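**Student:** Build me a model:
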Amino acid sequence: MHGLTVRWSLESAPEGVEDALAAYVEATSHARFTGMPGLRFKTWRMRPGEWFEGCYVFETSAERDAFQQDFTASAAESPGSQIVGSAPILVEPCEVVAVAEGAAGFLATPAY
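**Tutor:** Numbering: from 1, shown residues only. Predicted structure coming up:
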């Protein structure tokens, strides 16, 4: 599977940015990516005070590459960049080797 990681640094971000990012994902971003053609899944990860990232997995490398090209062209103006106050520090394609679903099952939800 064809992955893409987009990461923002939170080291110089404004106070409260973690809550603002979580609220944005819950209210807007989750719905934007749910059901997106060509996207297998997306996860949002954060280490408070360190970084925030989106991890995307696409069905084909062409779909990933097209998304990366479109995103990179406007990354500095993206909602994540506006909330954090700076552009991503990393936009990196990768290959996802495998995904396992545990006994507790997979739970797709806009907030945990």
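**Student:** use CA for all of it now, contacts and neighbours both
**Tutor:** Will do.
**Student:** Not counting stretch 1-19 itself, show me its contacts.
**Tutor:** Residues from elsewhere that reach stretch 1-19, judged by Cα atoms under 8 Å, 6 or more residues apart in numbering: 48-61, 64, 68, 80-81, 83-98.
**Student:** Can you point out the buried residues in it?
**Tutor:** Across stretch 1-19, burial judged by 16 or more other Cα atoms under 10 Å covers 2-10, 13, 17-18.
**Student:** Same check on stretch 99-112?
**Tutor:** Pro110.
**Student:** What of stretch 86-93?
**Tutor:** So stretch 86-93, judged by 16+ other Cα under 10 Å, has buried residues 86-88, 91, 93.
**Student:** any chance of the buried residues of stretch 1-19 in TSV, plus secondary structure, pLDDT and distance to Ser29?
**Tutor:** Listed next are those as TSV, based on DSSP: H, G, I helix; E, B strand; the rest coil; pLDDT from 0 to 100; distance: Cα to Cα, whole Å:
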residue	secondary structure	pLDDT	distance to Ser29
His2	strand	97	20
Gly3	strand	98	18
Leu4	strand	98	16
Thr5	strand	98	16
Val6	strand	98	14
Arg7	strand	98	15
Trp8	strand	98	16
Ser9	strand	98	19
Leu10	coil	98	19
Ala13	coil	96	20
Val17	helix	97	16
Glu18	helix	97	15
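**Student:** hmm, back to that, nearest to Ser74, of the buried residues of stretch 86-93?
**Tutor:** Of all those, Ala87 has the smallest distance to Ser74: 9.4 Å, by Cα to Cα.
**Student:** helix, strand or coil for the closest one?
**Tutor:** Assigned by DSSP: H, G, I helix; E, B strand; the rest coil, the conformation of Ala87 is coil.
**Student:** what sits opposite Lys42 in the beta ladder?
**Tutor:** Under DSSP bridges, the beta-bridge partners of Lys42 are Tyr56.
**Student:** Verify the stated contact: it with Glu53.
**Tutor:** No. Contact criterion Cα atoms under 8 Å: Lys42 and Glu53 do not qualify, at 10.3 Å.
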